[in-house]
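Peer 1: here is a sequence with its predicted model. Questions after.
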Amino acid sequence: MFANLPLTALRAFESASRLLSFKAAAEELSVTPTAISHQIRSLESWLGVPLFQRLPRQVRLTECGERLFHSLHGALLEVAQSVDSLRPQRSGANLMISTTPAFAALWLVPRLGRFYARHPNINLRLDTNCEVIDLQQDASVDLVIRYSLDDYPNLYGLCLFDECFTVYGSPEQVALARQQTPTLISVRWHNSKLYAHGWEAWCDKAQESWMQGRPVIREYDEEHYALQAAIAGQGLVLASNILVSESVASGLLLPYRPEIHVDGAGYSALCVPGRERHPPVRAFFQWLREEAQAAGHPLLAAG
């Protein structure tokens with residue numbers, strides 16, 4: 001069945017497609033760029049279709065190349081994981097998770113102790129970067145937790161929860177806000193299309209006049225800084241019900257008019273199709289499901 005498959009050429013194609021560079025693929029496979037180019041041309045000849053567009057200083061996958069890469073990458077990944085699982089000397093497994101600094105600090109890290117207790121042999125590493133990682137291109141990351149309005153049809157995903165934004169403050173600030181206009185704490189959102197006018201939207205719904213005139217607004221670059229400012233009594237913050245959950249549970253923050261909220265986006269855990277069967281990734285997905293349910297955040301769907 002597989003006797004005629006050009007496995008060497010397919011491996012060269014997968015590396016060049018993932019890295020979008022014949023030179024980088026050559027370095028990864030310890031061959032010359034000429035050898036990579038020859039293997040890919042022979043594969044294109046064997047298939048009868050072009051797989052790359054050769055541009056002056058880069059290469060780009062064609063539509064046929066994209067289709068082949070998505071299926072081939074998942075298949076090779078599953079083979080590599082199956083082979084790795086048979087090695088008896090493994091003392092632990094590595095798991096690389098990428099997410100935003102705010103989600104890591106305010107939701108994930110406070111709960112990770114329970115994951116470590118259940119899976120002591122899994123070495124988990126966190127990459128907290130707001131830049132969106134292309135999982136099809138970066139094989140070093142096992143799973144990402146993304147916050148977005150977008151769908152990801154080419155990835156395996158677990159939709160963890162939707163969020164809404166409500167106003168929170170220290171007990172003293174919440175009481176004071178019922179008597180006078182408070183100082184407002186805001187975040188400079190990395191994705192401006194989500195909440196460029198969050199406070200305005202909340203005040204319109206609540207019929208509060210706080211945005212009229214010249215309100216005092218304190219801005220921070222990250223949500224966890226804004227929450228710390230609110231906990232310290234510097235004003236009221238418009239914050240995610242997901243990210244604020246630990247501070248509310250501990251009594252550090254209280255909601256102000258909790259019936260008024262503005263919609264947010266959603267959090268999803270995502271990986272390359274096939275990688276969800278890798279034991280550490282499967283364990284983390286299962287743990288996320290349980291934590292989301294225990295925190296009272298209903299799961300939306302599984303991809």
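Peer 2: Structure's in. What do you need? Residues are numbered from 1 along each chain as shown.
Peer 1: all contacts plus neighbour counts: C-alpha atoms, from now on.
Peer 2: Fine.
Peer 1: quick check: mean pLDDT across stretch 39-54?
Peer 2: When pLDDT is averaged along stretch 39-54, the result is 93.
Peer 1: alpha carbons of it, as CSV, please.
Peer 2: Presented in CSV, the C-alpha positions along stretch 39-54 are these (Å, rounded to 0.1, in the frame of the first residue of the first chain):
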residue,chain,number,x,y,z
GLN,A,39,13.2,16.5,-3.5
ILE,A,40,10.3,19.0,-3.7
ARG,A,41,10.5,19.2,-7.5
SER,A,42,10.5,15.4,-7.8
LEU,A,43,7.4,15.4,-5.5
GLU,A,44,5.7,18.0,-7.7
SER,A,45,6.5,16.0,-10.8
TRP,A,46,5.2,12.8,-9.1
LEU,A,47,1.9,14.5,-8.2
GLY,A,48,1.6,16.5,-11.3
VAL,A,49,0.8,19.7,-9.5
PRO,A,50,2.8,22.7,-8.2
LEU,A,51,3.2,22.8,-4.4
PHE,A,52,5.1,26.1,-3.9
GLN,A,53,5.1,29.5,-5.5
ARG,A,54,8.8,30.4,-5.9
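Peer 1: what's around the closest residue to residue 211 other than its chain neighbours, how many residues?
Peer 2: Spatial nearest neighbour of residue 211, excluding adjacent residues (C-alpha to C-alpha, 6 or more residues apart in numbering): residue 200 at 6.7 Å. Neighbourhood size, residue 200 [other C-alpha atoms under 10 Å]: 16.
Peer 1: give me the three-state assignment for residue 200.
Peer 2: helix (DSSP: H, G, I helix; E, B strand; the rest coil).
Peer 1: swap in residue 74?
Peer 2: Of the three states, residue 74 takes helix according to three-state DSSP.
Peer 1: for it, give me its contacts.
Peer 2: If you count contacts by C-alpha atoms under 8 Å, 6 or more residues apart in numbering, residue 74 has them with 272-275.
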